[in-house]
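Asks: coordinates for the following, if possible.
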Amino acid sequence: MKDLTKGKILSVILKFALPVFIGNLFNLAYNLADTRIIGSFLGSDSLAAVGSVSTLSDFITGFVFGLSNGFAVLTARFFGMKDELSVRRSFALSIEFGVIISVILSGASLLGLPIIFRWLNVMDAHKTGATEYITVVILGLVFACLYNVLASNLRAIGDAYTPLIFLILSASLNVGLDILFVGVLKFGVRGAAFATVISQFISVVLCFIYALVRYPLFRFRFADLKPGREMSRMLLSGGFSMGLMSSLVAFGTLSLQTAINKLGTNIIVAHTGARKLTNLYMMPFSVFGTTMATFSGQNFGAQRVDRIKKGLLTAVLINAGWIVLVQIMSWTVCPYLIKAITAVDVKEIVDTAVLYQRVDTSFYMIAALITLFRNTLQGMGDHITPVISSGLELLGKVVIAFTLAPVIGYWGIIVAEPIVWAIMVIPLVISMILRIKRSETK
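Replies: Numbering: from 1, shown residues only. Down below sits the predicted model:
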């Protein structure tokens with residue numbers, strides 16, 4: 001356990017962020033390996049089939065990831081208040097609500113899959129592969145949710161290293177099973193999805209056992225699973241707020257995918273590769289966003305708003321330094337990275353993906369502020385403004401998908417995010433200033 005309300009802020013943040021960063025790096029490495037394995041063994045058509053529904057997968061898993069983090073913010077706040085009874089109840093109900101919500105979401109997603117495919121404009125040539133892949137991912141959603149609930153609650157009490165260990169295990173197992181199922185046993189794209197679900201299931205079992213054995217404050221009783229009105233309200237409001245925040249972002253990207261899927265196989269593959277690289281470039285944003293959610297949650301519970309301000313400034317400066325490096329990479333090694341990710345050396349595909357990267361990375365400072373501010377606000381108990389900001393992102397991307405993209409093609413996709421970033425950061429900045437002033441007055 002680690003108390004984030006004490007110690008030098010830079011040191012505390014970096015020590016917490018480092019294992020989160022390494023964990024995200026392994027997770028990204030798996031995603032890149034997954035893309036490479038599918039491209040190498042199955043070809044560009046199979047890669048396009050997976051790419052045409054990858055945003056749907058991101059949307060579903062993004063919701064449960066946000067939901068889990070929202071639950072854990074409350075755990076972090078109770079931990080900062082030294083309220084061990086509430087920490088235990090928050091942990092127990094997080095697991096219970098996570099299972100219930102993920103099962104409902106899986107059922108609804110499977111029932112609505114034909115409608116979703118029509119809305120996404122999935123090409124007929126890609127439907128079989130896309131269906132095989134996304135069906136397995138949806139069926140295994142409960143394991144993804146449970147892993148994230150366990151990992152985020154461990155981070156909430158300051159243990160950022162244990163989730164890293166299980167994530168490394170999961171990612172390594174995932175890559176090995178990918179090669180076995182796709183390359184050796186020839187299960188096709190379905191094999192890649194099975195590899196993900198199996199590795200997540202194993203991580204859930206091991207992580208759950210560890211949490212109960214290592215930390216007595218997590219050893220809940222059956223009575224703790226009885227939902228109390230106030231505890232349930234706080235958990236669900238925080239969980240759904242962060243879940244909606246994540247899913248609205250993913251749904252906006254999903255809206256753009258409907259336009260991308262009309263532009264042909266080469267554009268789909270190019271965008272799939274570009275987005276995988278974007279996940280690498282933006283990884284520090286999410287790492288420090290996760291860090292600030294826990295950091296601000298604990299310090300808000302301890303009424304240390306001064307530390308929240310200094311921590312936020314520290315995270316902004318670190319991300320600014322990373323963005324400079326990203327800009328250099330975009331104008332130098334980007335073509336080679338795209339080729340390595342997609343296992344494709346088609347000039348149109350590479351040039352299109354590189355163009356996307358060079359334009360969008362120019363506006364990354366705004367994206368970094370968005371991630372840091374909305375996670376910090378969640379930790380401080382503001383569950384409304386981050387959702388409003390994400391709603392603006394969704395609205396902007398939907399409008400662009402149905403207006404700019406049909407007129408100017410892929411350029412409409414390229415400029416979509418910079419435009420919406422400039423809009424959605426405004427309410428976050430205003431709310432942050434007002435909330436800090438209000439807290440300092442109190």
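Asks: so which strand or helix has residue 65?
Replies: Element membership of residue 65 [criterion: DSSP states H and E] is helix 44-80.
Asks: buried residues, that helix. List them.
Replies: 44, 46-80 (16 or more other CB atoms under 10 Å). All C-beta atoms are positioned from the backbone trio N, CA, C, and that covers glycine.
Asks: next structured bit after that helix?
Replies: Scanning forward in sequence from helix 44-80 by DSSP H and E, the next helix or strand is helix 84-111.
Asks: just checking, what packs against the host helix or strand of residue 401?
Replies: Assigned by DSSP H and E, residue 401 belongs to helix 385-402. Contacts defined by 3 or more CB pairs under 8 Å, 6 or more residues apart in numbering; DSSP states H and E place helix 385-402 against helix 229-260, helix 364-379, helix 410-441.
Asks: for the record, mean pLDDT for the shortest one?
Replies: What it means is helix 364-379. Per-region confidence: helix 364-379 scores 92 on mean pLDDT.
Asks: packing partners for it?
Replies: With contacts defined as 3+ CB pairs under 8 Å, 6+ apart, the packing partners of helix 364-379 are helix 44-80, helix 229-260, helix 283-301, helix 305-330, helix 385-402, helix 410-441.
Asks: could I get those helices as JSON lines with mean pLDDT?
Replies: Converted to JSON lines, the helices and strands packed on helix 364-379 look like this (pLDDT from 0 to 100):
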{"stretch": "helix 44-80", "mean pLDDT": "80"}
{"stretch": "helix 229-260", "mean pLDDT": "78"}
{"stretch": "helix 283-301", "mean pLDDT": "87"}
{"stretch": "helix 305-330", "mean pLDDT": "92"}
{"stretch": "helix 385-402", "mean pLDDT": "82"}
{"stretch": "helix 410-441", "mean pLDDT": "87"}
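Asks: could the helices and strands packed on helix 385-402 go into a markdown table alongside distance to residue 196 and mean neighbour count?
Replies: Listed next are the helices and strands packed on helix 385-402 as a markdown table, based on distance: least, CB to CB, whole Å; neighbours: other CB atoms under 10 Å:
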| stretch | distance to residue 196 | mean neighbour count |
| --- | --- | --- |
| helix 229-260 | 17 | 22 |
| helix 364-379 | 25 | 24 |
| helix 410-441 | 26 | 17 |
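Asks: which among those helices is found nearest to residue 142?
Replies: helix 229-260 (14.8 Å; CB to CB).
Asks: which other helices and strands does the closest one contact?
Replies: helix 44-80, helix 84-111, helix 113-120, helix 265-281, helix 364-379, helix 385-402, helix 404-408, helix 410-441.
Asks: what angle do the fifth one and helix 410-441 make?
Replies: So the one you mean is helix 364-379. Orientation check (axes from the mean of the first three to the mean of the last three CA atoms, to 10 degrees): helix 364-379 against helix 410-441 gives 40 degrees.
Asks: also the first one?
Replies: Counting by the same axes, to 10 degrees, helix 44-80 points 0 degrees away from the direction of helix 410-441.
Asks: show me how far helix 44-80 is from its chain's centre.
Replies: 5 Å (CA atoms, centre = their mean, to the nearest Å).
Asks: give the contact list for residue 261.
Replies: By CB atoms under 8 Å, 6 or more residues apart in numbering, the contact set of residue 261 is 52, 120-123, 268.
Asks: of the residues you listed - the most surrounded one?
Replies: residue 52 (29 neighbours; other CB atoms under 10 Å).
Asks: quick check: the residue nearest in space to the middle of the chain vs residue 358, distance?
Replies: For the chain, the residue lying nearest the average C-alpha position, counting by CA atoms, centre = their mean, turns out to be residue 62 (5.1 Å). For residue 62, the distance to residue 358 equals 26 Å [CB to CB, to the nearest Å].
Asks: residue 293 is nearest to which of the helices and strands packed on helix 229-260?
Replies: helix 364-379 (4.2 Å).
Asks: sorry, back to before: how about the CA coordinates for the helix holding residue 401, as PDB?
Replies: This file holds the C-alpha atoms of helix 385-402, laid out as PDB (Å, rounded to 0.1, in the frame of the first residue of the first chain):
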ATOM      1  CA  THR A 385     -18.000  17.900 -16.400                       C
ATOM      2  CA  PRO A 386     -15.900  15.100 -17.800                       C
ATOM      3  CA  VAL A 387     -19.000  13.500 -19.300                       C
ATOM      4  CA  ILE A 388     -20.100  16.800 -20.800                       C
ATOM      5  CA  SER A 389     -16.700  17.200 -22.300                       C
ATOM      6  CA  SER A 390     -16.800  13.600 -23.700                       C
ATOM      7  CA  GLY A 391     -20.300  14.300 -25.000                       C
ATOM      8  CA  LEU A 392     -19.000  17.300 -27.000                       C
ATOM      9  CA  GLU A 393     -16.300  15.000 -28.500                       C
ATOM     10  CA  LEU A 394     -19.000  12.500 -29.500                       C
ATOM     11  CA  LEU A 395     -21.200  15.100 -31.100                       C
ATOM     12  CA  GLY A 396     -18.200  16.700 -33.000                       C
ATOM     13  CA  LYS A 397     -17.100  13.300 -34.400                       C
ATOM     14  CA  VAL A 398     -20.600  12.300 -35.500                       C
ATOM     15  CA  VAL A 399     -21.100  15.600 -37.300                       C
ATOM     16  CA  ILE A 400     -17.700  15.300 -39.000                       C
ATOM     17  CA  ALA A 401     -18.300  11.700 -40.000                       C
ATOM     18  CA  PHE A 402     -21.500  12.600 -41.800                       C
END
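Asks: perfect, that will be all.
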